[in-house]
Structure formats: C-alpha cells, structure tokens
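In: below is the structure, and that's it, no one-letter string:
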C-alpha cells in the first residue's frame, strides 16, 4: 500500500477508505454530542444554530473540468483537482451568505488509478477546507469505479446572522457590487490550453510569475469566503457566486430579481487592470487592450461574489460594480444592452 | 425538444433542467416557510423535528452498476435506472431508523444521451420517491457531461422517535432480525447476465413469471421503508441495510459492535424458500438445493434491514434470524464460522 504504483483495483474498498479518510478528516474538531460521522449508513448532523442547513452538490469530471495533462504540457496535480472540487462547492454556500460546516465526498475513478493519486486528491480537499472553511467536517461519502475520475461534493452550511440570501431579491436603486477576482481563472485556462504559450514563455521573469499566478487562480480558486456571511449581515438583497462569468451570472440575477443591471465601465476596467498581465502586445495583436475587459465580463471559475445592496456603505470586501435599475431583465454597459454570453456546460 | 432523437448536447443546461426538474418534483408538497428549493446556489432546508439530519450519498455508474443492454438481451429502461439510484439511497436513511425528507440529484451523462432518456431517469426517481418516501422533496442538484452516465444522489432524513440507530450497538443476548427480502436481486442479476437463461426460457408460465419477479427485484429494489423507523421506535440496538449480502454485512455489524453473530439455519432456509424459483433442477445440477441458501447469505442489493433487538417481541416487519453472542467478531451458522464473502466494489 506504500508502493506508489499500487492502483485502486489492487485494494479493497475498505483499504482505499482507510487510506484517504484520515487524509480528508485530518485535524477536524471532535463530533458534537449526538452527531455521527463517517462509517455508518448515514451521518447524523445537528445544526449549531438550531435552524436549518444550506445544501449544495456539484461534480468535477476528468476530461470535462480538468485534464491530467494540459496541451501546454503542464501536469495537473491530484492535490489541485481535490482543492478545486472542494473550493467550488464551498463557494455555493458562501454564495447564499452561509458558512460551510459538513461535506460529503463521492469519488468515482478507474480501477487503474494509482492509489497515491486518490491520496493527493484527498490532501487537496483537506487543504481547501483548512484554508477556506476551517472547522468544516468531512462527514461521509462514497467510493466507486468509473471510466473517468469524477468527484461529487455535497456541502452543507449554516446561514450567517442575516439569514440565507437568494439571487432573487435585487431591487431598483440597489448598488451592484463584487467581492473577489474576475477573469483570472479564465486567463489561467488559456495558458494551460497552450493558447498563451508564447507570452508565458517570454523572456521577462515578470511574465512567468504572472503566468504562474493565473494558473494558480485556475487550479486553486479561492472564493472570498468571509464576504458571503458579511453580505448576509450587511443586508444584501441578492447574492450569488460568479461561476460562469459576470455577464451570464448577472443575467441570471436580473431574471430572478425582475430588474435590469447597469454595469459601471470604470469599475470593470479597474478589476481588469488587477489581472496579472501576460501582455498580449507580445504577440502584436491589434485587439489587445479590449481583451482584459472581455475576460472580466465572461471569465468563469474565480467564484467571486455578485451582490446587490441597498444604497449606502458596502460591507468589507465588496467593490461597487454598477446599479440595479427598473426594467426588462438585461445587463447593460454604457447604456448598451450586452448580449448574454459565457460558459454553458451543455451548449 | 419534443423530438425523441434530441440529445443533451442539442440543448442548453437550462433547457435540460426545465425538462427534468418538473418530472423530479412532480406532486411534491409546498416548501415549508423559510425553506429554499432548487434554482439558487444552495437549497435551504429546515428539520421539522428541530433536531438534526441523517445524510448519505451514493453513486450509480453505467457499466459498473447497470448496463443499458444486458447479455440476456434485456434492455435496461431509464425509469429503472432512476428508480434504483433513488431506492438504494433512501435505504441508507431507513438503515439508520430515519425517514427521508430531502434529496439532491447530480446527473452526469454523455452529450449524445437522448434527452428522453434523462426524462425517463427523472420519472423513475420520482416513482421511487412516491412509492418509498412520499413527502420527500428533490431540493437541488447538478447536471454535467461525462463519458458514461453517473447518478449521484445525496439524501437527508430525520430520525424516528427512537433516534438514529447505528450498526455498532448490538449486545450479547440480542436477537438478530431481518426485514425485507434476501437473495432476490442477486437471482435477478444472474438472469440479466444470461446465466440462468435456459431456466428463464423454460416452458412453464410460472418460470417466466418467477424470472420477471426476480428481474424486477434487481431493477426496482423496494427497501422495507417502514421497518427502519419501526426499529428505531422498537428499541433496536443496532441497524444497517444489507446492500452487499447478509454475510458480509453481518460481519460489518459484528466488527462494529464487537460481538459474534450466530445465524439460524432454519430461518435462513425459510427466507430462501420465499425466493421465486427458476428451478435449477431444470438444468440437472447436483448442487441445486444448496444454491438458494448461498444466495440468501451472499446476494446483495435487496436493501433488506439487519437489526439487533433486546430479547422480546420484534417490531412489525422483522423476522428472527439468529442471536448475538459474546466473542470474536465472526458470523456463525450451525456452530461453524463462515468465511466472509460477498460483493466488494474494488476487489
């Protein structure tokens, strides 16, 4: 079992579990009185607040959501797969103004998967929990065989004092605000896919550092986890995470809230300027200056938060990004209606 | 979208959801005040009892857990895939003495999957909920693309009045009892795999009827859902579902409870006699009479319940199957220690 060439099909389910469960649960606080952790038919979890739970489920699939080897030649570490699978689920609780407290991990993988790879995924998941949701416990899960690696995480959280915040409550006159990064992960994906390889391999050390920052943003997204509960406490009228690009997700909030969204070009430009530059001028493109703004509008997977607040001060971590207006559910920039774009898993 | 040749990749994620979510949630009771259903980043669920939730997650994978076309020539209907995926998860709540109240469905499928097939899966899931857990709500989920169909269901339940019952509380002197069927689903699997084809195609109408009953038991397992809460109310000291065969699961309970299990051969034989017979005499095997008992001991996927109760009357639905004894954690039959056997997902 210590041999790094050992694969999943060499071991029993019990043996694989004995390996990865301690990695997943390392350093967790003890169970609350009456609670039941992994190992029985179900876990039994009791909300600390005495009210209810936020619950979300999301899957990450090899070949669809990540590649073990990218066209750029970059390898994808199992630790990073585990980190992102966990981070994007924790974000869904953050996106309701909640604090994650229990996760359930369902891992399906080919029988020929090295057990060391599963251990790496487990370590990456634990790292994400420790960084993004300390105190959150792995309370159960499931292991199985499939032809490609799939990690499905169910996460439960408790709402902050302001209660759960939906995406449907934005009102005309509210301030539209964002917490976290936009466009970084998408830029990192371009590099991994080899589409920005020339720039990343440029002579300047700054370019290499920028490329590494963007790849890190794609592989280890860090949702702004304190901003969700802060939005709940700060009276947010609407809240959601930006997983498929600001434009597409703002359209979703506009439709759910029956309002129009008017984005502020200056604010978007400031966010775009924060993206580490792997200068496209290096490739002599005429359209270079427009690209970062497009990325802020359409780049997904940074798991920033989009929120609407009544007029007034914004909670810490949020930046003004526009205004909610009465009208048809569209997203506008500089008076123009923007076409809905972004990433669709099926399209 | 009404065209049965439409595949998942012809539609957007939203369109697929608009098709299957109404099928999944058909006939559900309205949300409790303050609860949030599907459509936001997370659901928000509030326990009716004011205490906690039992939670379990389990996946069903095409090629591993079912085949769209079996060696026997039998097709697997999407409705049956959905039914079983849901039933086996509901069983995990039953196995703790609980009542399922919320499920979350994560479906991954190839882009070329006919949308009608997803609709069938959704209808089968709803049928299982209506039959096995009326009042249970589909509160969220996730859709994605993968190279094979995977259905991962997370289920939440509330414990019955006796509280959650673990597998670790059996005590020497307790009565070992079973609720539900044993060996039926395994016999059905043999037929689907074509291993009992001769018998199933025999001349007698009774043989055909028996074969259909066994296939139904494999494709649409019906866990004894009232027996779990009855065991909790009836003071069960240990409880679990039999998903991998009585022998293997009794070993699990024995180890968790630090006791020996002494099975009653007469009781096992009575259970074996209940399995509809697709007579193996038809094939002239000398070993025929022993086979049904083996099936009762090793056949999985009927999702019966195995329980330990203090001496005295058993709750409705349970039949005495043996005695819990002091000793090393083994399972015995007629004074002999049985070797641990059964189904392991990885072995």
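Out: Cool, the structure landed. The structure displayed is predicted, hence computed values, not measured ones.
In: so which bits of the helix or strand hosting residue A:291 are buried?
Out: Assignment of secondary structure by DSSP states H and E places residue A:291 within helix A:291-298. When neighbours are counted by 16 or more other C-beta atoms under 10 Å in any protein chain shown, the buried residues of helix A:291-298 are found to be A:291-298. Where C-beta positions appear, they are placed from N, C-alpha and C, glycine not excepted.
In: mind putting the residues you listed in a markdown table, pLDDT and distance to residue B:71 included?
Out: Below are the buried residues of helix A:291-298 laid out as a markdown table (pLDDT from 0 to 100; distance: C-beta to C-beta, whole Å):
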| residue | pLDDT | distance to residue B:71 |
| --- | --- | --- |
| A:291 | 73 | 55 |
| A:292 | 79 | 57 |
| A:293 | 86 | 57 |
| A:294 | 88 | 53 |
| A:295 | 90 | 51 |
| A:296 | 94 | 54 |
| A:297 | 95 | 52 |
| A:298 | 93 | 48 |
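In: so which of those also contact chain B?
Out: With the criterion set as C-beta under 8 Å from any C-beta of the partner chain, no member of these is near chain B.
In: which stretches of the stretch 201-347 of chain A form strands?
Out: Secondary structure of the stretch 201-347 of chain A (DSSP state E, counting those that start in this stretch): strands at A:238-242, A:260-263, A:304-309, A:319-325, A:331-333, A:336-337.
In: the fourth one - what's its average pLDDT?
Out: Right, the one you point to is strand A:319-325. Taken as a whole, strand A:319-325 carries a mean pLDDT of 97.
In: partner strands of that strand, with direction?
Out: Strand pairing for strand A:319-325, using DSSP bridges, gives strand A:175-179 (antiparallel), strand A:260-263 (antiparallel).
In: list the contacts of the shortest one.
Out: Surrounding strand A:260-263, the residues in contact under the criterion C-beta atoms under 8 Å, 6 or more residues apart in numbering or on different chains are A:170, A:176, A:246, A:250-251, A:253-254, A:321-333, A:338.
In: and chain A, what are its domain boundaries?
Out: Domain segmentation of chain A under automatic domain parsing yields A:8-28+A:50-159, A:175-337.
In: of those domains, flag the one that's most buried.
Out: Greatest average neighbour count among the domains of chain A goes to domain A:8-28+A:50-159 (a mean of 22), per mean count of other C-beta atoms under 10 Å in any protein chain shown.
In: quick check: end-to-end length of that domain?
Out: Distance between the two ends of domain A:8-28+A:50-159: 38 Å, counting by C-alpha to C-alpha, to the nearest Å.
In: the most centrally placed residue in chain A and chain B: what is the separation?
Out: With the centre of chain A defined as its mean C-alpha position, the nearest residue by C-alpha atoms, centre = their mean is residue A:88, 3.2 Å away. In this structure, residue A:88 lies at 11 Å from chain B, with C-beta to the nearest C-beta, to the nearest Å as the measure.
In: how about that residue, secondary structure?
Out: Three-state call for residue A:88 (DSSP: H, G, I helix; E, B strand; the rest coil): helix.
In: I'd assumed residue A:221 was in contact with it.
Out: Yes. Under the criterion of C-beta atoms under 8 Å, residue A:88 makes contact with residue A:221 at 6.7 Å.
In: now the common contact residues for these two.
Out: Between them, residue A:88 and residue A:221 share these contacting residues under C-beta under 8 Å, 6+ apart: A:301, A:303.
In: what pLDDT does residue A:37 get?
Out: Looking at residue A:37, its pLDDT stands at 87.
In: least confident of the domains of chain A, on average?
Out: When I compare these, domain A:175-337 is least confident, with a mean of 88.
In: now the terminal residues of that domain, how far apart.
Out: According to C-alpha to C-alpha, domain A:175-337 extends 18 Å from its N-terminal end residue to its C-terminal end residue.
In: over to stretch A:295-310?
Out: 28 Å.
In: what do you get for stretch A:108-115?
Out: For stretch A:108-115, the end-to-end distance is 13 Å (C-alpha to C-alpha).
In: circling back: now the residue nearest to the centre of chain A: how far from residue A:108?
Out: Separation of residue A:88 from residue A:108 (C-beta to C-beta, to the nearest Å): 17 Å.
In: repeat that for residue A:234.
Out: 40 Å.
In: what of residue A:96?
Out: When distance is defined by C-beta to C-beta, residue A:96 is 27 Å away from residue A:108.
In: show me where the stretch 101-250 of chain A has its helices.
Out: All helices of the stretch 101-250 of chain A, identified by DSSP state H, counting those that start in this stretch, fall at A:115-132, A:184-192, A:197-200, A:205-219, A:227-233, A:246-257.
In: turn those helices into JSON lines, including distance to residue B:59.
Out: Formatted as JSON lines, the helices of the stretch 101-250 of chain A follow (distance: least, C-beta to C-beta, whole Å):
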{"stretch": "helix A:115-132", "distance to residue B:59": "15"}
{"stretch": "helix A:184-192", "distance to residue B:59": "27"}
{"stretch": "helix A:197-200", "distance to residue B:59": "37"}
{"stretch": "helix A:205-219", "distance to residue B:59": "25"}
{"stretch": "helix A:227-233", "distance to residue B:59": "28"}
{"stretch": "helix A:246-257", "distance to residue B:59": "28"}
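In: could you say which one of those comes nearest to chain B?
Out: Across the helices of the stretch 101-250 of chain A, chain B has its closest neighbour in helix A:246-257 (7.8 Å, C-beta to the nearest C-beta).
In: what helices or strands is that closest one leaning on?
Out: For helix A:246-257, the helices and strands in contact under the criterion 3 or more C-beta pairs under 8 Å, 6 or more residues apart in numbering or on different chains; DSSP states H and E are strand A:238-242, strand A:260-263, helix A:291-298, strand A:304-309, strand A:331-333.
In: neighbouring contacts of that helix?
Out: When contacts are taken as C-beta under 8 Å, 6+ apart, the neighbours of helix A:246-257 outside the stretch itself are A:166-171, A:176, A:178, A:182, A:238, A:240-243, A:260-261, A:263, A:296-300, A:304, A:306, A:308, A:324, A:329-331, A:338, A:340-343, B:39.
In: which residues of the stretch 151-300 of chain A lie near chain B?
Out: Taking C-beta under 8 Å from any C-beta as the test, the list of the stretch 151-300 of chain A residues beside chain B reads A:152, A:154-157, A:159, A:164, A:166-168, A:240-241, A:256.
In: farthest-apart pair in those, please.
Out: Between any two of these, the greatest separation by C-beta to C-beta is 26.4 Å, found for A:152 and A:168.
In: quick one: residue A:149 from chain B, how far?
Out: Between residue A:149 and chain B the computed distance is 10 Å (C-beta to the nearest C-beta).
In: list the contacts for that residue?
Out: Each residue near residue A:149 by C-beta under 8 Å, 6+ apart is listed here: A:61-62, A:81, A:107-110, A:113.
In: restrict those to contacts with chain B.
Out: A:61, A:108.
In: nearest to chain B among the contacts of residue A:149?
Out: The shortest separation between chain B and any of the contacts of residue A:149 is 4.6 Å, and it belongs to residue A:61 (by C-beta to the nearest C-beta).
In: beta partners for that closest one?
Out: Residue A:61 has these beta-bridge partners by DSSP bridges: residue A:150.
In: these two touch, right, it and residue B:143?
Out: No. At 11.4 Å, residue A:61 does not count as touching residue B:143 under the criterion of C-beta under 8 Å.
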